[in-house]
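Novice: Below: sequence and its predicted model.
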Amino acid sequence: NAGVTQTPKFQVLKTGQSMTLQCAQDMNHEYMSWYRQDPGMGLRLIHYSVGAGITDQGEVPNGYNVSRSTTEDFPLRLLSAAPSQTSVYFCASSPQGISGNTIYFGEGSWLTVV
Amino acid sequence: QQQVKQSPQSLIVQKGGISIINCAYENTAFDYFPWYQQFPGKGPALLIAIRPDVSEKKEGRFTISFNKSAKQFSLHIMDSQPGDSATYFCASARTGRRALTFGSGTRLQVQP
């Protein structure tokens, strides 16, 4: 029972580089999202998707891009990394229906931009 | 703009004691209030949740108390154990939105 799988676990980037954080879920959840976690600020929503082909911006979308070509995968792209994007990134998914607010998180991706 | 304010930032409790973490929200449209538990190096995991039609929900040693008029809710951990040492986040959401607004987190340390 894999749940929500994120890769890589750790990554160091140089300013200006681009990269993609991968996220996959095997629970057939329609809803997927990306959060970033910074000290003293909780988790903030970056982008989310309510189904394949549908994405929308969250609270802090600048500098990030997403796409949703399949139900299972929801990659997060950093277009030109900046030190302010040093953070821990969490992918999450949620099923439809009554339990739609129950959100399951991956184990996180630690990103350092130098 | 922080819509969910959480306190305290950190908390130290002796084993067997009661841990209390408080949250206040601003958006009256919120109608779902979960608490997440996060261990170091792991993602948050749902601990317990409440909807505003009840004032209290208990699951084992964990209890949520909810005060709709004050727009406040709190987590009580009874008989706290060292294994409860983790960071706790309150959150709020509107039904169906599936996007959570998180508090800033409370780092709980339970001393043996």
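Specialist: Received it, and whenever you're ready, just let me know what you need. Residues are numbered from 1 along each chain as shown, chains lettered A, B, ... in the order given.
Novice: Distance-wise, check residue B:110 relative to chain A.
Specialist: Relative to chain A, residue B:110 is positioned 21 Å away (C-beta to the nearest C-beta, to the nearest Å). Bear in mind the C-beta positions are built from the backbone N, C-alpha and C, glycine included.
Novice: if I pick that residue, what's in contact with it?
Specialist: For residue B:110, the contact set (C-beta atoms under 8 Å, 6 or more residues apart in numbering or on different chains) comprises B:12, B:13, B:14, B:15, B:17, B:19, B:80, B:81, B:82, B:83, B:84, B:85.
Novice: what's the farthest-apart pair in those residues?
Specialist: B:12 and B:83 (15.3 Å; C-beta to C-beta).
Novice: Get me the contact residues on chain B for chain A.
Specialist: Counting by C-beta under 8 Å from any C-beta of the partner chain, chain B comes close to chain A at B:4, B:6, B:9, B:32, B:34, B:41-46, B:49, B:89, B:93, B:95-100, B:102-105.
Novice: residues near residue B:60, how many?
Specialist: 9 (other C-beta atoms under 10 Å in any protein chain shown).
Novice: Any of the residues of chain B next to chain A buried? List them.
Specialist: Applying 16 or more other C-beta atoms under 10 Å in any protein chain shown to these, the neighbour count classes B:4, B:6, B:32, B:34, B:43-44, B:49, B:89, B:93, B:97-100, B:102-105 as buried.
Novice: Leaving out the residues flanking it, which one is nearest to residue A:64?
Specialist: residue A:46 (5.3 Å; C-beta to C-beta, 6 or more residues apart in numbering or on different chains).
Novice: Check the gap between the residue nearest to residue B:12 when sequence neighbours are not counted and chain A for me.
Specialist: Computed as C-beta to C-beta, 6+ apart, the closest residue to residue B:12 that is not its neighbour in sequence is residue B:109, at 4.9 Å. Distance, residue B:109 to chain A, using C-beta to the nearest C-beta: 16 Å.
Novice: residue contacts, residue A:21?
Specialist: Contacts for residue A:21 were tallied using C-beta under 8 Å, 6+ apart; they are A:6-8, A:11, A:34, A:75-78, A:89, A:91, A:109, A:111.
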